[in-house]
Every structure is written in structure tokens, then in C-alpha cells.
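**Student:** how does the following fold in three dimensions:
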Amino acid sequence: MKTPLGNVSEIQVGYQSREAIRAHPNGSYWLIQARDFDKQHQVQWSNLIQFTPSGNTSKYELKPGDVLFLAKGQENFACLVNQSRPNTLAANTFYILRARPGSILPDYLAWWLNQTSAQEWIRLNRSGSSLPFLSVSALSRIEVPIPGIEIQRKIGDLEMLRKKEADLLGLYLSKKSVLIQTVCLNAIIE
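**Tutor:** Model (predicted):
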């Protein structure tokens, strides 16, 4: 069964400020921006800036289970927020997707939005040439296949394991590189 994303998820635009956002080391909130992601599209929490927003921020505050979707730019991707710190907001380049309980699991939704067929649909439905943009209206129309909850859970678990494996492989390759470099340098010193 397929259903439009708007039927199974609320879509909220990220935090919009009337003025430029200025980093402040004692700011009351953290801000997630497009530059705060690694190659696996995972939030690098240590990179977030602190700032003090204006106005009511309650509807923009992130919580575990939210899915961030980068709507502006050449690369559009989804990321499950599986942890968060209090007072964290997503910039307005993101949409915050909140799955309706009982309809779709957030980790499955994030996985599916990153699949080739969904990404192709997204590319075909963006507007703008220099800074492509997918509107809320367009995103709400994307058809999402909805398997049973157990299948969704298994897909979400597999995706989490795949990302952990990629992180570990990256760490292994980094340490291997340092080891080889050290061995080579020691060989020319002796």
C-alpha cells in the first residue's frame, strides 16, 4: 500500500528568524544547519552553534523520533533524530517530519526518503535552478510505501546497523592510515 506522506506525517518548516542568526557561546538554544552532518547524514552534535532565538520556538524544538528533511540545496536527504539535547532547533532549510503514531515508524520514513526512487521523485519535483527547493506541498504528495510495522522496524534496524558499520569502518581506516604513516616514518628514521 502507498500513501501520500502528508497522510502519515506532519510537516513543519524549521526555525525561521526575522534577522540573521548570530552564534553566541552562551546562547539559550542549539541550531542544526546543513553543514552539521557527516557523510552518513548523521547530526554531528558537537558542531552545533549556540544562539538566542527570538519569539516562540516550541513548535521548532526537536525531539527523538523527528525526521529532518533537507529541503534546500543540491542534495536533499532525511535524517532520523534518534537523540537530542534540550533546546535544539533545525534551521529553516529543513522540514521537521513527525510521523503520526500507528501509521509509520520514523526510522523507516527517513530510510525510505533516502532511497533512489524517492530521491528521483524529489529531484523531479523541486523548483529553482541555482538553489533547488522542494516545497511542503510537493513533499506532502510523495507516495510512501507502507509495509507492516514489523517490516518497517526490521528495515529501520538494518539501516541503523549499516550506519554503525560505516562509522566503524571509517574509524578503522583512519587508524590504519595513522599506523601505516607511523611505520613508514619510523622506517626512514632508523
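
**Student:** can you map out the helices along this protein?
**Tutor:** With DSSP state H, the ranges of helices along the chain come out as 5-8, 106-113, 116-125, 136-141, 149-189.

**Student:** in the first one, what's buried?
**Tutor:** Of the residues in helix 5-8, those buried under the neighbour-count criterion (16 or more other C-beta atoms under 10 Å) are 5, 8. Heads up, the C-betas are built off the backbone N, CA and C, glycines and all.

**Student:** can I get it in CSV, CA atoms only?
**Tutor:** The C-alpha coordinates for helix 5-8 follow below in CSV (Å, rounded to 0.1, in the frame of the first residue of the first chain):
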residue,chain,number,x,y,z
LEU,A,5,3.5,11.5,3.0
GLY,A,6,1.1,14.2,4.2
ASN,A,7,-1.3,11.4,5.4
VAL,A,8,1.2,9.8,7.7
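
**Student:** off-centre distance for it?
**Tutor:** 18 Å (C-alpha atoms, centre = their mean, to the nearest Å).

**Student:** now stretch 151-162
**Tutor:** 16 Å.

**Student:** likewise stretch 68-82?
**Tutor:** That offset, for stretch 68-82, works out to 4 Å (C-alpha atoms, centre = their mean).

**Student:** could you give me the buried positions within it?
**Tutor:** 68, 69, 70, 71, 72, 76, 77, 78, 79, 80, 81.

**Student:** and stretch 158-165, by the same measure?
**Tutor:** For stretch 158-165, using 16+ other C-beta under 10 Å, the buried residues are residue 159.

**Student:** got the contact list for it?
**Tutor:** 40, 42, 82, 107, 110, 111 (C-beta atoms under 8 Å, 6 or more residues apart in numbering).

**Student:** tell me the bridge partners for the residue most central in space within the chain.
**Tutor:** Among the residues of the chain, the one closest to the centroid is residue 79, at 2.6 Å (C-alpha atoms, centre = their mean). Note on residue 79: beta-bridge partners by DSSP bridges are residue 68.

**Student:** thinking again about what came up before, turn the contacts of stretch 158-165 into JSON lines, including pLDDT.
**Tutor:** Formatted as JSON lines, these follow (pLDDT from 0 to 100):
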{"residue": "40", "pLDDT": "82"}
{"residue": "42", "pLDDT": "87"}
{"residue": "82", "pLDDT": "85"}
{"residue": "107", "pLDDT": "95"}
{"residue": "110", "pLDDT": "96"}
{"residue": "111", "pLDDT": "96"}
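
**Student:** quick one: which of those is most hemmed in?
**Tutor:** residue 110 (24 neighbours; other C-beta atoms under 10 Å).

**Student:** wait, that residue sits on residue 66?
**Tutor:** No: between residue 110 and residue 66 there is no contact under C-beta atoms under 8 Å: 9.6 Å.

**Student:** shared neighbours of these two, which are they?
**Tutor:** With C-beta under 8 Å, 6+ apart, residue 110 and residue 66 have common neighbours residue 80.
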